[in-house]
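1. sequence first, predicted coordinates after that:
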Amino acid sequence: MRNDISKTANIINHLKTLPYFTLESVFSIEKNRHFLRVLLSRFSKNGKIIRLKKGMYVSADYIEDIKRKNLFTGYEEFVSGIIYEPSYLSMDYILSENNLLTEMPKNYTAVALKKTKLLTNNLDNFYYHSIKPELFCGFKILKENNFSFKKATVAKALFDFLYFRKKMLLSESAIKELRLNLSELKSNDISELKKYIELEKSEKMRELYNILIKLWKDLKKS
């Protein structure tokens with residue numbers, strides 16, 4: 001009994017230091033798989049650990065620690081990338097972060113190579129849009145406070161935002177209704193956006209690009 005208490009304390013202290021863990025990753029301190037499964041199940045029920053996705057967890061103590069250090073947003077961006085790989089943050093999330101959208105997104109929005117998926121855990125909602133491999137580009141790998149994550153450039157986030165809505169955007173008025181702050185776009189963003197339009201090659205995206213450029217130029221004149 002005393003040995004089990006000691007092992008449990010040792011495991012808890014170890015998990016407090018990890019940004020995430022799996023059953024396999026804690027075998028270095030405890031080889032008894034049955035004991036670990038029972039322990040993790042108990043921890044999950046009493047809130048000591050938080051399930052990020054099936055088979056992946058983080059300790060509640062770790063989360064409280066990064067909240068105290070004001071690192072929680074960076075941690076969630078990091079989590080977005082590890083629970084569904086490969087993926088990068090894009091669309092509403094990046095556009096809002098760069099003031100192109102005035103409304104805060106309800107989910108962390110990302111683009112992935114795998115199928116479209118919504119993952120929900122006790123931290124937040126993470127929505128992944130599936131894209132073809134040749135369009136899985138236009139992102140940077142960033143590292144902040146030991147958290148690494150992928151983020152789309154402003155131009156690629158805008159491309160993705162339009163790309164996944166292209167069937168609904170049938171006119172100039174439909175694009176206006178998106179309420180994009182186009183004045184925030186710089187000339188180099190426009191040039192980069194054009195590259196993705198040419199890469200995608202569809203007539204529909206060219207039409208949307210031309211409407212967007214017209215609206216952007218009108219703003220510059222006013």
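-> All right, it came through fine.

2. helices or strands next to the lengthiest helix in the chain in the packing?
-> Longest helix of the chain, by residue count under DSSP state H: helix 203-221. The contact analysis (3 or more Cβ pairs under 8 Å, 6 or more residues apart in numbering; DSSP states H and E) places helix 203-221 against helix 154-163, helix 172-176, helix 187-200. No exception for glycine: its C-beta is placed from N, CA and C like everyone else's.

3. which residue ranges of this structure form strands?
-> Counting by DSSP state E, one finds strands in the chain at the ranges 49-53, 56-59, 87-89, 108-112, 117-120, 125-130, 139-144, 147-152.

4. would you reformat those as JSON lines and include distance to residue 11 and mean pLDDT?
-> Conversion of those to JSON lines gives the following (distance: least, Cβ to Cβ, whole Å; pLDDT from 0 to 100):
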{"stretch": "strand 49-53", "distance to residue 11": "10", "mean pLDDT": "94"}
{"stretch": "strand 56-59", "distance to residue 11": "10", "mean pLDDT": "95"}
{"stretch": "strand 87-89", "distance to residue 11": "30", "mean pLDDT": "98"}
{"stretch": "strand 108-112", "distance to residue 11": "30", "mean pLDDT": "98"}
{"stretch": "strand 117-120", "distance to residue 11": "26", "mean pLDDT": "97"}
{"stretch": "strand 125-130", "distance to residue 11": "27", "mean pLDDT": "98"}
{"stretch": "strand 139-144", "distance to residue 11": "28", "mean pLDDT": "95"}
{"stretch": "strand 147-152", "distance to residue 11": "24", "mean pLDDT": "97"}
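
5. fine by me, thanks again.
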